[in-house]
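[1] Here is the input, now give the coordinates:
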Amino acid sequence: GPIFFYDDNFVVSKARTKALLRGMIERGLTAPWSAQMRAEVVYKDKNSRELDHELLSLMRESGCQMVYCGFESVNPETLAAYNKRQDVQDIRDSIRAIHEYGIHVHGMFALGADTDTAETFRQTVDFTLQNGIDTVQYLIITPCPGTPFYERMKAEGRLLTDDWSRYDGQHCVTRPAQMTPYELQMYT
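    Sure, this is the predicted structure:
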């Protein structure tokens, strides 16, 4: 069956990833595979809008069939709040580039940030359809204990439960800023 590279970010080091993919091709180890990676790896470097055709070609030639990208949000305010160094156009361009190489895209979005409204959900669904994302996962932003986000939610009295089985990205465990917990749960 297909291989999944179990790594949060398969392309941390482009040089190392390219060497691995070249080695797979040279040895004929080109079984169908998929991996998680950041959308901006399609660019030559973080200051360039020039596509890294070498990486994309190596991915296709080595058997890559799908990439899982944490796009997080299509709300510019939310991307800024998440400290993402990408904008909505970067997300759109990366999807197009990956598709041009015949690779499917699984988009993952975290919804329910303080900057999100009901309109954010509609915009996100529209974005996924307009950009032909092959499969999609909508998750509810979930504070992990020990993180600044968790501590802030706790200090503001916005944690709804300490039932850890609910801290799975599928259940609303905080009180959102611009909607009710029920709305956030129902939108996702």
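
[2] quick one: pLDDT of residue 83?
    pLDDT, residue 83: 64.

[3] now swap in residue 18 and tell me
    97.

[4] Confirm for me that it is in contact with residue 54.
    Yes - in this structure, residue 18 is within contact of residue 54 by C-beta atoms under 8 Å, at 6.7 Å. Backbone N, C-alpha and C define where each C-beta goes, glycine included.

[5] neighbour count winner among the two?
    Between residue 18 and residue 54, residue 18 has the larger neighbour count (other C-beta atoms under 10 Å), namely 17 against 13.

[6] which SSE is the more buried one in?
    Counting by DSSP states H and E, the element that carries residue 18 is helix 14-26.

[7] Name the spans of the chain whose pLDDT lies under the cut-off.
    Along the chain, segments meeting pLDDT under 70 span 1, 83-85.

[8] Now do stretch 24-37: distance from first to last residue.
    Terminal residues of stretch 24-37 are spaced 18 Å apart (C-alpha to C-alpha, to the nearest Å).

[9] Report the distance from that stretch to the chain centre.
    21 Å (C-alpha atoms, centre = their mean, to the nearest Å).

[10] Check stretch 103-110 too.
    6 Å.

[11] what packs against the helix holding residue 18?
    In this structure, helix 14-26 packs against helix 53-61, with contacts taken as 3 or more C-beta pairs under 8 Å, 6 or more residues apart in numbering; DSSP states H and E.

[12] Just the angle for the very next helix or strand once past the helix it packs on relative to helix 14-26, thanks.
    Next helix or strand after helix 53-61 toward the C-terminus (DSSP H and E): strand 64-72. Interaxial angle, strand 64-72 versus helix 14-26 (axes from the mean of the first three to the mean of the last three C-alpha atoms, to 10 degrees): 160 degrees.

[13] Tell me the helices and strands packed up against the host helix or strand of residue 122.
    Using DSSP H and E, residue 122 sits in helix 118-130. Helices and strands touching helix 118-130, by 3+ C-beta pairs under 8 Å, 6+ apart, are strand 104-111, helix 181-187.
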